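**Q** Predicted model and sequence follow; I will ask about them next.
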Amino acid sequence: MPSPSLSLILPAFNEAQNLSATVEDAMSALSNVVSELEILIVDDGSTDATAEVGNRLASRHPVVRIIRHPRNRGYGAALRSGFAAARCDLVFFTDSDGQFRFDQVAEFMASIDAFDMVLGYRADRQDRWLRKANSRVGNWLARTLLGVRAKDINCAYKLFHRDLLQRLPLTSEGAMINTELLALAAYAGWTFHEIAVAHYPRKCGVATGAKFQVVVRTFAEYFQLRRRMADLRRS
């Protein structure tokens, strides 16, 4: 059976220092694994040189495309732009900050034919305590109130069939995108398989996931999603 094609989505906000290494790592690991590779960098209104770095990568490598939001809209909006633009059989997303490597993607692709999605979970999460605490609370809420059963809901290492993914009516602009995606997938009866993945410390730049405004927005989106899922179950 021929290897499938793969769209890699890389959301990026102020990741100029990390983006080149992430893209080079992806091309090195994936070029011989898939029949066709496209790398979609979604620059979410960065204020540093992320757009310039992305444009240089796109001019140097035909597999790279850059999508740019004129203003910062949020992680969910960046992922949704990437999902909508994807052209290949499979869609994989991860972050641009270098905290994940691409050497386990082949293992994910070996499992995808038997499932609707393959989800990573961080075996040893390399983040600060506040991000870990926020994630634990989010995972508990999603499991308890939304029926999401994944071990590590916000792990940015996920693989999907593009035709299924593009049917999901995703609306989250911020960090709730992972919970929304998995809640809608659970409601639709999707099957999934989980694989432990390595997680590495951030080398450059600043993580934004634990900022107060991001946390507040996440909880607002959580309650919106909870109402939406309740409406779906009643309909």
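**A** In hand now; what should we look at?
**Q** where do the helices sit along the protein?
**A** Applying DSSP state H to the chain gives helices spanning 16-30, 50-60, 75-85, 105-111, 129-146, 162-165, 177-187, 212-234.
**Q** what's the angle from the third one to helix 177-187?
**A** Our comparison of helix 75-85 with helix 177-187, counting by axes from the mean of the first three to the mean of the last three Cα atoms, to 10 degrees, yields an angle of 60 degrees.
**Q** Okay, buried residues for helix 75-85 please.
**A** Neighbour counts over helix 75-85 (16 or more other Cβ atoms under 10 Å) mark Tyr75, Gly76, Ala77, Ala78, Leu79, Arg80, Ser81, Gly82, Phe83 as buried. Any C-beta I mention is one placed from the backbone N, CA and C, and that applies to glycine too.
**Q** circling back: among the helices of the chain, show the one with the smallest mean pLDDT.
**A** Sorting the helices of the chain by mean pLDDT places helix 129-146 lowest, at a mean of 61.
**Q** How much space separates the nearest residue to Ala123 once chain neighbours are set aside from Arg227?
**A** Excluding the flanking residues, the one nearest Ala123 by Cβ to Cβ, 6 or more residues apart in numbering is Ala196, at 4.2 Å. According to Cβ to Cβ, to the nearest Å, Ala196 and Arg227 sit 34 Å apart.
**Q** Comparing these two, which residue is more hemmed in?
**A** Ala196 (15 against 10; other Cβ atoms under 10 Å).
**Q** And the pLDDT for that one?
**A** Predicted confidence (pLDDT) for Ala196: 96.
**Q** Looking at strand pairing, list the partners for it.
**A** On the basis of DSSP bridges, Ala196 is bridged to Tyr121.
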